[in-house]
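Asks: Build me a model:
(chains A and B)
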Protein chains: 2
Amino acid sequence: MSDWSGLEVGYDVPALAGMALGDVQTPALVVDLDALERNLARMRAHAEAAGMRLRAHAKTHKSADIARLQMSKGGACGICCQKVSEAEAMVRAGISDILVTNEVRDPLKIDRLARLAKQARIIVCVDDPENIEPLSQAARRHGVTIEALVEIECGAGRCGIEPGPPAVRLALAVAAAEGLRFAGLQAYHGPAQHIADPVGRAAAIAAAADVTARTVLLLQDAGLDCDIVGGAGTGSFPFEARSGVYNELQCGSYVFMDADYERIRTEGGGRVGGFENALFVVASVMSLPAPGRAICDAGLKALAVDSGLPRVFDREGVRYAGASDEHGVLAIDGGVVAINERIRLVPGHCDPTCNLHDWIVAMRGETVETLWPVTARGKVF
Amino acid sequence: MSDWSGLEVGYDVPALAGMALGDVQTPALVVDLDALERNLARMRAHAEAAGMRLRAHAKTHKSADIARLQMSKGGACGICCQKVSEAEAMVRAGISDILVTNEVRDPLKIDRLARLAKQARIIVCVDDPENIEPLSQAARRHGVTIEALVEIECGAGRCGIEPGPPAVRLALAVAAAEGLRFAGLQAYHGPAQHIADPVGRAAAIAAAADVTARTVLLLQDAGLDCDIVGGAGTGSFPFEARSGVYNELQCGSYVFMDADYERIRTEGGGRVGGFENALFVVASVMSLPAPGRAICDAGLKALAVDSGLPRVFDREGVRYAGASDEHGVLAIDGGVVAINERIRLVPGHCDPTCNLHDWIVAMRGETVETLWPVTARGKVF
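Replies: Residues are numbered from 1 along each chain as shown, chains lettered A, B, ... in the order given. Purely as a prediction, here's the structure:
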């Protein structure tokens, strides 16, 4: 673990190693290391029990330190990134096996991707035959091999080529292109992650697995094996795991959980995967202007609200009721809060919340153990 | 203007000086310099016509380069910041007159604020008598004077002490405290900025101006003059300007405009202040999976959606219909879009959108003129 204690609190960093929570400069992105480590062990056990590889999605945390933990302790074979710049940041931080779970079309971005393949295993998604020649040219120009997954539309309504014969034709073109290697299929169903009803979620993944399985068989008939059949997120992975079709899980949010994923339940009513809250935005109360209302220092610039307001953690009678740019309104029901009291907030959506912060304050119990830079923060291009 | 051309496109920066828009690595935060300069001139003229000072709010852009332009060309007497870390970043970038439009309660933050007052004029808000002694102690410890505005609740429902006698008692306590200087009143009505109906907006500001005027008179009776009576945002400033009560405008969004402020109209139906769109998130089309649907590369991590989805600028038949973390779904009505086509998006809310990006790509017409770092990006603590 790095020692950042030469940095100045406030201007450079929100905390220093050894600090208590009450001294952390807020709002701060705080990780509970014990909970994080338990989540890593849980996901490792799930993947091992299913006999599948885990390729953890780093878009959740954007932290090279957490990516390394996922690979060293958490059973991950590599990581996923969503953007070329995110992959660049991770490669420079020493990660050597990366799937970019996205299409890359801009000529300069394709060149950047090919250069990365000099230093790491790079896999990318394709969903259009027109993408093949530019990727192939860049690979040849830099003397590298870029691996490619054919992304199929499996119900998500975003990117992806039609499964079945169109996907097979695209895969054959990839396999024939110099500098490229056909590595398998990408079949991620994003919206299914957020279907609260487990029956509906199971049905969405069953439909995705069905078109994926048919495409895998057609590929075999065409002489192409899929090293990777990848997909699955934290909300749906038990269904992909039992499908018999997928062999690589791409879960990300499991390391932290968030208020949105808390609503996603198993058939038995429990939390998917048994994961616990490991990520908080810690806010401080900074004004008590009226009875029943307190103002804290965490608003839209510290918390992503696209999936709803944050949930107050482990503090009775306090509710986060509204966000402006730099303030949060707390509704106080009954009890009292004090000026400077720290309030732990479970973000509505962990991925874009992490992307707001430069530092993760990693705490062991009540003490700051270390700081982790959010390595790929803002690397969206 | 700085020359950043030693930086590597992609890993370090989204663009280099001299680039055309088609080569900019997207999503990128782009400023139209001609439009920005016209907005600066418009706001300067508005303030001069009203005979008021302008103290531009830097929380909108978090850029020291734009803050300097506001002070050199835009008629601003200084800037506002919202957080101590934001003020720290601006002081270190050479800005010397800063109002922190917020209460500062944490002991370490108060110490940081006092240290800043060694290098710049620092004004802060107070809304609680208990805040005075800690501020005074810190000012004495560092041998500085901290100026203070008494923030009054003028209808915004956030921070602020009750106007009238409670505010006067607080002001007298500030004036009596060693190391502090009473500088006036803060009376900002945030929600009024977003009342689309000009009549309702005028009524909200009239009510705020009324309680502010009464408090100013009571302060005069108590022997205290207000150097600053501050408030107003881009949506409401014409009303504060004509109130005869306020003397300092704190507008921020006028430099850029956003899709939310576009909905705020004057009595005549025009845009408030006549400001034009100067800020865009430029996205690229990266997948054409189905007729009528295109996928671009700008989602929740490139655009704040708290105030609604972005508006597509100057491109017929294309609508931004949905955002996921790193993708935007474009609904195509009629025409066609091409892979790698650049789409200019007007963000729903400019302040938290700027806070997502490390760099502003400053363009003159179709060419990148320079890059500006988002100096205080992430400085929320």
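
Asks: excluding its backbone neighbours, what's nearest residue A:177?
Replies: Residue nearest to residue A:177 in three dimensions, not counting chain neighbours: residue A:136, with 4.1 Å by CB to CB, 6 or more residues apart in numbering or on different chains. Where you see a C-beta, it was placed from the backbone N, CA and C, and this is true even at glycine.

Asks: Helix, strand, or coil at residue A:169?
Replies: In three-state terms, and counting by DSSP: H, G, I helix; E, B strand; the rest coil, residue A:169 is helix.

Asks: Where do the strands of the stretch 101-250 of chain A begin and end?
Replies: The residue ranges that make up the strands of the stretch 101-250 of chain A, judged by DSSP state E, counting those that start in this stretch, are A:121-126, A:146-151, A:180-186, A:228-231, A:248-249.

Asks: Next, format those as TSV and append distance to chain B.
Replies: Compiled in TSV, these are given as follows (distance: least, CB to the nearest CB, whole Å):
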stretch	distance to chain B
strand A:121-126	10
strand A:146-151	9
strand A:180-186	12
strand A:228-231	15
strand A:248-249	18
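
Asks: I'd assumed residue A:322 was in a helix, is it?
Replies: No - under three-state DSSP, residue A:322 sits outside any helix and is assigned strand.

Asks: Show me which residues of the stretch 151-300 of chain A are close to chain B?
Replies: By the criterion of CB under 8 Å from any CB of the partner chain, the positions of the stretch 151-300 of chain A lying close to chain B are A:153, A:157-161, A:190, A:284-290, A:293, A:295, A:297-298, A:300.

Asks: what's the spacing between whichever residue of the stretch 51-200 of chain A sits closest to chain B and residue A:127?
Replies: Taking CB to the nearest CB as the measure, the stretch 51-200 of chain A has residue A:159 as its residue closest to chain B, at 4.1 Å. Look at residue A:159 and residue A:127: by CB to CB, to the nearest Å, they are 5 Å apart.

Asks: Overlap of the contact sets of those two?
Replies: Residues touching both residue A:159 and residue A:127 by CB atoms under 8 Å, 6 or more residues apart in numbering or on different chains: A:103, A:151, A:153, B:287, B:289.

Asks: ok, the first one touching residue A:148?
Replies: No - the pair residue A:103 and residue A:148 fails to qualify as a contact (CB atoms under 8 Å) at a distance of 10.1 Å.

Asks: When these two are compared, which one has more neighbours?
Replies: residue A:148 (28 against 23; other CB atoms under 10 Å in any protein chain shown).

Asks: what's the pLDDT at that one?
Replies: Residue A:148 is assigned 98 on the pLDDT scale.

Asks: contacting residues for it?
Replies: Remark: with contacts taken as CB under 8 Å, 6+ apart, residue A:148 is in contact with A:123-126, A:135, A:174, A:180-183.

Asks: give me that answer again for 7 Å
Replies: With contacts taken as CB atoms under 7 Å, 6 or more residues apart in numbering or on different chains, residue A:148 has the following neighbours: A:123-124, A:126, A:174, A:180-183.

Asks: now residue A:33
Replies: With contacts defined as CB under 7 Å, 6+ apart, residue A:33 is in contact with A:362-364, A:369.

Asks: The same query, at a cut-off of 6 Å, please.
Replies: When contacts are counted by CB atoms under 6 Å, 6 or more residues apart in numbering or on different chains, residue A:33 touches A:362, A:364.

Asks: what about the residue lying closest to residue A:206 once chain neighbours are set aside, neighbour count?
Replies: Counting by CB to CB, 6+ apart, residue A:206 lies nearest to residue A:239, which is 7.1 Å off, once chain neighbours are set aside. Residue A:239 has 21 neighbours, counted by other CB under 10 Å.

Asks: Would you mind listing which of the contacts of residue A:148 are buried?
Replies: Buried residues within the contacts of residue A:148, counting neighbours by 16 or more other CB atoms under 10 Å in any protein chain shown: A:123-124, A:126, A:174, A:180, A:182-183.

Asks: Tabulate those (JSON lines), appending pLDDT.
Replies: As requested, the buried ones among the contacts of residue A:148 are exported to JSON lines (pLDDT from 0 to 100):
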{"residue": "A:123", "pLDDT": "98"}
{"residue": "A:124", "pLDDT": "98"}
{"residue": "A:126", "pLDDT": "98"}
{"residue": "A:174", "pLDDT": "98"}
{"residue": "A:180", "pLDDT": "98"}
{"residue": "A:182", "pLDDT": "98"}
{"residue": "A:183", "pLDDT": "98"}
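
Asks: Between these, which sits nearest residue A:244?
Replies: For the buried ones among the contacts of residue A:148, the minimum distance to residue A:244 (CB to CB) is 19.7 Å, reached by residue A:183.

Asks: so what's residue A:46 closest to, chain neighbours aside?
Replies: Spatial nearest neighbour of residue A:46, chain neighbours left out: residue A:273 (6.1 Å); criterion: CB to CB, 6+ apart.

Asks: so, in contact with chain B or not, stretch A:105-114?
Replies: Yes - for stretch A:105-114 and chain B, the contact criterion (CB under 6 Å from any CB of the partner chain) is met by A:105-106, A:112.
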